[in-house]
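Peer 1: Sequence below, structure please.
(one chain, ligands or ions: 1)
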Amino acid sequence: MRRLLLVHTGGTLGMSGRRPHALKPGAFFRTVRQRVPELTKLAQLEFELFSNVDSCEMQPELWTRLATLLHERLDDFDGAVITHGTDTLSDTASALSFMLKNLDKPVVLTGAQRPLGEVRSDARMNLIDAVTAALHGPKEVTVCFDSHLFRGNRVRKVSIAEYDAFDSPNHPVLGVLGVEARFQPGLARKGRRTLWPNVVPDVFLLRIFPGLDPALVLPMLPRLKGLVVEAYGAGNFPVSKALGRSLEPVFSEAQRLKIPVVVVSQAHRNGVDLSLYESGSLARSYGAISGGDLTMSAAVVKLMHGLAHVAPRGLREYLERSVAGERS
Ligand code: ASP
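Peer 2: Have a look, this model is predicted:
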């Protein structure tokens, strides 16, 4: 029988509690054995308790530990399933996709909107589907949720209360788990699996909004190693001097301080084009890098990861190309 590693990190899927009390991490593996005993008919599972936290507690250091654990243990398994809270699942999936280069086994993240122990929980099906995807799906980091398999570094959490919590608006799904489970081939490998575990977390995400005062942003720049700007539409931000809120000084100062700036869009479909409007062109003239159709999660994580593993002169090229299928 094929072997899978099931790593639990936490999230609603493994929580317990009844309203009006808050949900809290529960005894996950015992609940799995009680509620989904048939999982063992699909594969021989080895349980690994990595953590048991709400995913708001996930941090870059934990991505590194998780990627290291997977890299060290995957040779003994046919793939891995990681149970994770939905709130930061896209960040962890992105991090694993960059840290595990040339991944040669499926690594499938899943979670749930309702705890596994509840009658109407989506956790049971998500777990069965994730195990199926880890056995038969593409050899890359994916997210399995609500009968669909997505590329891990392409997902966004789109719903808090519906079961279809994830979408990958700029990339087709990698699998549909209906009556039949059908999968796409996934990423091509270019060598042996290697671990790139480090990150430089001194990055800031600046979301543009009407009224943003550049004077609030400028003092923090000297403390940053990288900046992601979540701009309007095709990569726009105010540059008019009329009301004193032009963000041009943020871009010029970042360039002076040699801080890489990546521009992504607040829109979920399509990507940034810094040649289309005046502000984008201005950002480009100050050395800003187009994030194309990177999600906000993938852009932040890729920048943190690139800062740790790529020499400064190679960083632009690294960020502009797809290294794990994260941008078109
Ligand atoms: N707050 C939870 C978490 O991210 C939400 C979930 O799992 O759906 O851990």
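
Peer 1: Which residues of the stretch 1-150 of the chain lie near the ligand?
Peer 2: 10, 11, 12, 54, 55, 85, 86, 87, 111, 113 (C-beta under 6 Å from any ligand atom). The C-beta positions use only the backbone N, C-alpha and C, and glycine is treated the same way.

Peer 1: Between the residues you listed, which sits nearest the ligand?
Peer 2: residue 85 (2.0 Å; C-beta to the nearest ligand atom).

Peer 1: Three-state assignment for the closest one, please.
Peer 2: coil (DSSP: H, G, I helix; E, B strand; the rest coil).

Peer 1: Quick check: it touching residue 9?
Peer 2: Yes: using C-beta atoms under 8 Å, residue 85 is in contact with residue 9, at 7.5 Å.

Peer 1: can you list residues touching both of these two?
Peer 2: 53, 55, 58 (C-beta atoms under 8 Å, 6 or more residues apart in numbering).

Peer 1: who wins for most neighbours among these?
Peer 2: When neighbours are counted by other C-beta atoms under 10 Å, residue 58 leads the shared contacts of residue 85 and residue 9 with 23 neighbours.

Peer 1: for the one helix or strand residue 300 maps to, packing partners?
Peer 2: Using DSSP states H and E, residue 300 sits within helix 296-309. Helix 296-309 is packed against helix 89-99, strand 203-207, strand 226-231, strand 261-265, helix 312-320, with contacts defined by 3 or more C-beta pairs under 8 Å, 6 or more residues apart in numbering; DSSP states H and E.

Peer 1: Please state the offset of that helix from the chain centre?
Peer 2: Put simply, helix 296-309 sits 10 Å off its chain's centre (C-alpha atoms, centre = their mean, to the nearest Å).

Peer 1: close to the ligand, is it?
Peer 2: No: residues of helix 296-309 are not located near the ligand by C-beta under 6 Å from any ligand atom, the shortest gap being 13.3 Å.

Peer 1: now that helix against strand 226-231, angle please.
Peer 2: 160 degrees (axes from the mean of the first three to the mean of the last three C-alpha atoms, to 10 degrees).

Peer 1: got the buried residues for stretch 314-328?
Peer 2: Across stretch 314-328, burial judged by 16 or more other C-beta atoms under 10 Å covers 315, 316, 318, 319, 323, 324, 325, 326, 327.

Peer 1: what does that stretch rub up against?
Peer 2: 94, 97-98, 101, 140-141, 151, 153-154, 170-171, 187, 260, 262, 271, 289-295, 298, 302-303, 306-307, 310.

Peer 1: what do you get for stretch 96-105?
Peer 2: 63-64, 66-67, 70-71, 74, 77-80, 82, 107, 109, 139-141, 151-153, 187, 189-197, 301-302, 305, 323-326.

Peer 1: Among the residues of the stretch 1-150 of the chain next to the ligand, which one sits closest to residue 209?
Peer 2: residue 87 (21.7 Å; C-beta to C-beta).

Peer 1: give me every residue that touches the residue lying closest to residue 240 once chain neighbours are set aside.
Peer 2: Nearest residue to residue 240, sequence neighbours excluded (C-beta to C-beta, 6 or more residues apart in numbering): residue 246, at 6.1 Å. Residues in contact with residue 246 (C-beta under 8 Å, 6+ apart) are 214, 238, 239, 240.

Peer 1: quick one: low-confidence parts of the stretch 201-328 of the chain?
Peer 2: Along the stretch 201-328 of the chain, segments meeting pLDDT under 70 are nowhere present.

Peer 1: The ligand contacts on that one?
Peer 2: Contact residues (C-beta under 6 Å from any ligand atom) of the stretch 201-328 of the chain with the ligand: there are none.

Peer 1: give me the residue from the stretch 201-328 of the chain nearest the ligand.
Peer 2: For the stretch 201-328 of the chain, C-beta to the nearest ligand atom, closest residue to the ligand: residue 297, 13.3 Å.

Peer 1: circling back to that earlier point, looking at residue 85 and residue 9, which is more packed in?
Peer 2: residue 9 (27 against 24).
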